[in-house]
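Participant: The amino acid sequence is not available; the structure is as follows:
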């Protein structure tokens, strides 16, 4: 039995589907957006205080994830 080059990949585990560039970039972008929203809200000083760290974490995560396989 030969394996064709164009055959579909077998179903992988849940981690294999999640640990790909697309979903991780979406998560990183959501974290960046949450940091910006935290920065602009006028109600809670705690959220404002953590906004820079949240935005920075999302940016670093996006930079790292952009190197992950497709």
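Facilitator: Ah, there it is. Being a predicted model, the structure only gives us computed values, none of them experimental. Residues are numbered from 1 along each chain as shown.
Participant: in what helix or strand does residue 49 lie?
Facilitator: Element membership for residue 49 (DSSP states H and E) is helix 45-65.
Participant: Show me the shaky parts of this protein.
Facilitator: 1-12, 15, 18 (pLDDT under 70).
Participant: Which neighbouring elements make contact with the helix holding residue 49?
Facilitator: Identification of packing neighbours for helix 45-65 by 3 or more CB pairs under 8 Å, 6 or more residues apart in numbering; DSSP states H and E yields helix 21-40. Any C-beta I mention is one placed from the backbone N, CA and C, and that applies to glycine too.
Participant: Provide a list of residues in contact with the closest residue to residue 56 other than its chain neighbours.
Facilitator: Nearest residue to residue 56, sequence neighbours excluded (CB to CB, 6 or more residues apart in numbering): residue 35, at 7.6 Å. With contact taken as CB atoms under 8 Å, 6 or more residues apart in numbering, residue 35 is in contact with 51, 52, 53, 54, 55, 56, 57, 58.
Participant: export the residues you listed to CSV and tack on distance to residue 43?
Facilitator: CSV is the format used below for the contacts of residue 35 (distance: CB to CB, whole Å):
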residue, distance to residue 43
51, 12
52, 17
53, 18
54, 16
55, 18
56, 22
57, 22
58, 21
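Participant: May I see the ChimeraX selection of the buried members of those?
Facilitator: ChimeraX command restricting the contacts of residue 35 to the buried ones, with burial defined by 16 or more other CB atoms under 10 Å:
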select :51,54,55,58
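Participant: So which of the contacts of residue 35 is the closest to residue 17?
Facilitator: residue 58 (21.8 Å; CB to CB).
Participant: measure the closest one to residue 64 for me?
Facilitator: Going from residue 58 to residue 64 by CB to CB, to the nearest Å gives 11 Å.
Participant: What distance do you get for residue 33 to residue 68?
Facilitator: According to CB to CB, residue 33 stands 20 Å off from residue 68.
Participant: Report the secondary structure state of residue 67.
Facilitator: Using DSSP: H, G, I helix; E, B strand; the rest coil, the structure places residue 67 in coil.
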